[in-house]
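Student: Need coordinates for the below:
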Amino acid sequence: MSTSLPGRDRRAVRHPGPVGAERLTTPRHVAVIGGGIAGIAAATVLAEHGASVTLFESGDRLGGRVASWPISGHRTMSRGFHAFFRQYYNLRALLKRTDPTLRHLVPVSDYPLQRPDGLRDSFTSLPRTPPWSVLAFVRQSDSFTLKTLSKVNVKAALELMQVHFPGTYDDYDGESAAAFLDRLRFPPDARALALEVFARSFFADPSNFAAGELVAMFHTYFMGSAEGLLFDVPNDDYDTCYWGPLEDHLLQLGVGVHVGKPVTALSVDDDGARVTTAHDSYVMDAVVLAADPRAARELLADMTLTPDASGWKAQVAATYNAPPFIVLRLWLGGHVHGDRPAFLGTAGYGPLDNVSVLERFEEGAATWSRTHLGSVVELHAYACAPEVATDRDAAAAVVAQLEAELHRVYPETETLPVVEREVLVRDDCTLIGPEAWHERPGVASPSHRLVLAGDWVRCDYPVALMERAATTGFMAANELLAGWGVAGEDVWTVPVRGLLRR
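Tutor: Okay, here's the model as predicted:
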């Protein structure tokens, strides 16, 4: 096991995996349900340590909620832009299985945050080490003035530097991110740009989002890590860069990969586990359930589990999904201005949360751009009204608003014809609400044969989104391997204590 730092932060924390034999000597058969980041991470570690793994993915390809797929005209579509922050140590460890130098990740030089009144914040050229990074941001941002800073609740602000994980998650039980920001008395302009934009990236309205998650995010990206505030993105579509190669890697490890094969039933008892699909049934020694939150809830609600686990099943049933979101990708018959950033966060532009210009970093989009002399632009709307998921007219209205707001943000697009248009509406992401953190199901279950993984699963480390998926995938594999006396995967995180926490 390597103990070298995973990034530049000397305070990064290694959480050692289980110790034991390097590989299994007794055959163990494990089903991994779900082929997203969490499932791929769990399957990889288990197979590397000698387990016989069968992975079931209901969709037609791996990647889960970070999948991409081909569409007509040599184009690709995905569920939207994802930022690969340099604090995502465990996700990067997974990606290095097929991309050892991470050559497919390229830096985004800046991701400005913009409002219609002209306020615009930037993260470029800032120091990377806290607290100097935040102090420099406050100094250069027009969102902060002496008058607005004088109104800040200093005691609440100091909480951001006194975090202690996992306790911090529990400290904010019952408080929403919006309520915390109200208590903080953060300057309204800075709140809209620097914090609410990030809260909405969790597919949530701040009033329904856990304050503990927001504080953890602030620690991870701003106050607790020396990796800096910028991020990287894949230089081509996700499938080409990572999920395709990782599927090949799994196959080389002997993993049975079954795409387009949803699991319809699951049972676990003292003698083993049974996984059922539409046409087959498999007897396994253990199961990693790494499906999306709704699919996981449905499987567990109907699952036969011994010993009795009614209380735990109630905790699983109490989890819920985020509101629907929309991804609109436009292939335009002309270029946006050359100085437009690869990614722009927005506030105050109706439902529009961000704009990406894909040819700035994605090779497939760049090829289309060169061939057709146009731009490929992607728009996101997070936390839409519930009816958007089921009512086509409601979704179409939001799409129309997104295009109108794009014309406000980048006026040159108003005269550019739309050559192709793709719309994706989904409501399958998790929402971490302000309910009690300790009541959320974690990786372990009442049975030693069943473990959970995914960004909806409680993890007591300061990780979220894709990194929580990768981390819990590693932890799920470790939980099983530890029970069999086999070594596992180290997990790395940003510091688990704030700068002012003793």
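Student: and the spatially closest residue to residue 460 that is not a sequence neighbour, how many neighbours does it have?
Tutor: Nearest residue to residue 460 in three dimensions, chain neighbours excluded: residue 166, at 3.2 Å (C-beta to C-beta, 6 or more residues apart in numbering). Using the backbone N, CA and C atoms, a C-beta is placed for each residue, glycine as well. If you count neighbours by other C-beta atoms under 10 Å, residue 166 ends up with 17.
Student: Might one say that residue 166 is in contact with residue 461?
Tutor: Yes: with contacts counted by C-beta atoms under 8 Å, residue 166 reaches residue 461, the gap being 7.4 Å.
Student: can you give me the strands for the stretch 301-450 of the chain?
Tutor: 304-305, 320-321, 325-332, 343-346, 354-357, 376-381, 418-426, 430-431, 450-452 (DSSP state E, counting those that start in this stretch).
Student: do the same with the stretch 151-300 of the chain
Tutor: Applying DSSP E, counting those that start in this stretch to the stretch 151-300 of the chain gives strands spanning 231-234, 256-259, 263-269, 272-277, 281-284, 286-289.
Student: Compile these into CSV and extend it with columns for mean neighbour count and mean pLDDT.
Tutor: Output for those, formatted as CSV (neighbours: other C-beta atoms under 10 Å; pLDDT from 0 to 100):
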stretch, mean neighbour count, mean pLDDT
strand 231-234, 21, 96
strand 256-259, 17, 98
strand 263-269, 18, 95
strand 272-277, 17, 96
strand 281-284, 15, 97
strand 286-289, 29, 98
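Student: Quick one: residues contacting the closest residue to residue 74 other than its chain neighbours.
Tutor: Among residues not flanking residue 74 along the chain, residue 368 sits closest, at 7.1 Å (C-beta to C-beta, 6+ apart). The neighbours of residue 368, taking C-beta atoms under 8 Å, 6 or more residues apart in numbering as the test, are 73-75, 331, 359, 374, 376.
Student: how near is residue 368 to residue 73?
Tutor: Residue 368 sits 8 Å away from residue 73, going by C-beta to C-beta, to the nearest Å.
Student: Can you work out which residues contact both of these two?
Tutor: Counting by C-beta under 8 Å, 6+ apart, residue 368 and residue 73 have no shared contacts at all.
Student: How far away from the center of its chain is stretch 23-39?
Tutor: How far stretch 23-39 lies from its chain's middle: 22 Å, per C-alpha atoms, centre = their mean, to the nearest Å.
Student: Please enumerate the helices of the stretch 1-150 of the chain.
Tutor: Taking DSSP state H, counting those that start in this stretch as the test, the helices found in the stretch 1-150 of the chain are 37-48, 89-95, 132-140, 146-149.
Student: for the ones you listed, which one sits closest to residue 287?
Tutor: Nearest to residue 287, of all these, is helix 37-48, at 10.3 Å by C-beta to C-beta.
Student: Now do the closest one: which elements does it pack against?
Tutor: Packing contacts for helix 37-48, counted by 3 or more C-beta pairs under 8 Å, 6 or more residues apart in numbering; DSSP states H and E, involve strand 29-33, strand 52-57, helix 89-95, helix 244-252, strand 286-289, helix 465-483.
Student: now that helix against helix 244-252, angle please.
Tutor: Calculated by axes from the mean of the first three to the mean of the last three C-alpha atoms, to 10 degrees, helix 37-48 forms an angle of 30 degrees with helix 244-252.
Student: Send me helix 37-48 as PDB with only the CA atoms.
Tutor: The C-alpha trace of helix 37-48 is given here as PDB (Å, rounded to 0.1, in the frame of the first residue of the first chain):
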ATOM      1  CA  ILE A  37     -18.600   5.100 -10.100                       C
ATOM      2  CA  ALA A  38     -19.400   3.300  -6.900                       C
ATOM      3  CA  GLY A  39     -20.000   0.000  -8.500                       C
ATOM      4  CA  ILE A  40     -16.900   0.200 -10.700                       C
ATOM      5  CA  ALA A  41     -14.800   1.200  -7.700                       C
ATOM      6  CA  ALA A  42     -16.100  -1.700  -5.600                       C
ATOM      7  CA  ALA A  43     -15.800  -4.300  -8.400                       C
ATOM      8  CA  THR A  44     -12.200  -3.100  -9.100                       C
ATOM      9  CA  VAL A  45     -10.900  -3.500  -5.600                       C
ATOM     10  CA  LEU A  46     -12.700  -6.800  -5.000                       C
ATOM     11  CA  ALA A  47     -11.400  -8.300  -8.300                       C
ATOM     12  CA  GLU A  48      -7.900  -7.100  -7.700                       C
END
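Student: tell me the angle of it relative to strand 29-33?
Tutor: Counting by the same axes, to 10 degrees, helix 37-48 points 170 degrees away from the direction of strand 29-33.
Student: Could I get the strands of the stretch 151-300 of the chain in a markdown table, plus columns for distance to residue 415?
Tutor: Converted to a markdown table, the strands of the stretch 151-300 of the chain look like this (distance: least, C-beta to C-beta, whole Å):
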| stretch | distance to residue 415 |
| --- | --- |
| strand 231-234 | 28 |
| strand 256-259 | 42 |
| strand 263-269 | 50 |
| strand 272-277 | 51 |
| strand 281-284 | 57 |
| strand 286-289 | 50 |
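Student: To residue 350, which of the ones you listed lies closest?
Tutor: Residue 350 lies closest to strand 231-234 among those, at 25.2 Å (C-beta to C-beta).
Student: Run me through the strand neighbours of that closest one, direction for each.
Tutor: Strand pairing for strand 231-234, using DSSP bridges, gives strand 84-85 (antiparallel), strand 105-107 (antiparallel).
Student: List the first helix or strand encountered after that strand toward the C-terminus.
Tutor: Per DSSP states H and E, strand 231-234 leads on to helix 238 as the next helix or strand towards the C-terminus.
Student: Against residue 473, how distant is the residue nearest to residue 74?
Tutor: Relative to residue 473, residue 368 is positioned 33 Å away (C-beta to C-beta).
Student: I'd like to know which helix or strand in this protein has the lowest mean pLDDT.
Tutor: Ranked by mean pLDDT, DSSP states H and E, the weakest helix or strand in the chain is helix 197-200, scoring a mean of 65.
Student: contacting residues for residue 54?
Tutor: Under the criterion of C-beta under 8 Å, 6+ apart, the contact list for residue 54 reads 29-32, 255-256, 258, 275, 282, 284.
Student: And these, which is closest to residue 212?
Tutor: residue 32 (28.8 Å).
Student: Surely that closest one touches residue 45?
Tutor: No: using C-beta under 8 Å, residue 32 makes no contact with residue 45, being 10.5 Å away.
Student: and the two? which has more neighbours close in?
Tutor: Neighbours were counted for residue 32 and for residue 45 using other C-beta under 10 Å; residue 32 has more, 37 against 26.
Student: Measure how buried residue 122 is and give me the count.
Tutor: By the criterion of other C-beta under 10 Å, residue 122 has 17 neighbours.
Student: ugh, typo on my part, it should be residue 71
Tutor: By other C-beta under 10 Å, the residues close to residue 71 number 12.
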